[in-house]
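Undergrad: let's see this in three dimensions:
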Amino acid sequence: MTLAVNDFIPQRYPFELIDRIFSVEAGVRARAEKLVTVNEWFFQSPTATGQTMPRPLLLEILAQTGVVALLSVPDYRGQNVFFGGIKTATFLADVHPGDDLVATVTLTKQKRQIGVGHGTITCDQQVIVEADLIFIREA
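TA: All right, here's what the predicted structure looks like:
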């Protein structure tokens with residue numbers, strides 16, 4: 001079974017930042033992939049120090065992956081989920097063109113329309129971003 005990103009999140013190009021969904025446990029966890037290419041809209045002209053993906057976009061990758069976990073619940077299909085905030089975020093490395101990112105978000109707490117998720121992004125099996133995010137599902 002193929003899991004299409006467009007079946008879960010409302011974002012479209014250029015704001016859809018995940019390329020493929022690996023796995024989903026409805027309401028629990030989601031894993032997604034982002035292949036970072038030099039042609040991305042957020043990379044400007046090359047600099048002497050190289051191109052680096054903006055860190056807020058890394059958090060957006062985690063947010064979109066968390067939304068996949070939430071909206072995979074059949075009762076929530078077709079609803080909107082809003083990014084409620086960032087409780088914590090730690091950036092351990094920069095992301096450059098050619099990196100293959102794997103985002104994993106586990107929903108750690110849900111009460112009514114509010115949810116909290118812990119997310120990580122790895123590249124070459126090394127954690128490069130860790131964050132705790134807040135999600136708000138429409139009523």
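Undergrad: where does pLDDT dip in this structure?
TA: 1-2, 12, 45-49 (pLDDT under 70).
Undergrad: go again using 50 as the cut-off
TA: Residue ranges of the chain with pLDDT under 50: 48.
Undergrad: tell me the phi and psi of Pro74?
TA: phi -50, psi -40 (degrees, to the nearest 10).
Undergrad: in stretch 89-103, what's buried?
TA: 89, 95, 97, 99, 101-103 (16 or more other Cβ atoms under 10 Å). All C-beta spots, glycine's among them, are computed from the backbone N, C-alpha and C.
Undergrad: touching it from outside, list them.
TA: Residues outside stretch 89-103 that contact it (Cβ atoms under 8 Å, 6 or more residues apart in numbering) are 18, 22, 31-38, 40, 43, 50-53, 55, 58-59, 61-62, 65, 119-124, 126-132.
Undergrad: also stretch 61-68?
TA: 5, 8-9, 11, 16-18, 21, 24, 30-32, 34, 81, 83, 101, 103-105, 107, 115, 117, 119, 121, 129, 131, 133, 135.
Undergrad: quick check on the residues you listed: which are buried?
TA: Counted by 16+ other Cβ under 10 Å, those give 5, 8-9, 11, 17-18, 21, 24, 30-32, 34, 81, 83, 101, 103-105, 107, 115, 117, 119, 121, 129, 131, 133, 135 as buried.
Undergrad: which ones among these are found in strands?
TA: Among those, the residues falling in strands (DSSP state E) are 21, 24, 30-32, 34, 81, 83, 101, 103-105, 107, 115, 117, 119, 121, 129, 131, 133, 135.
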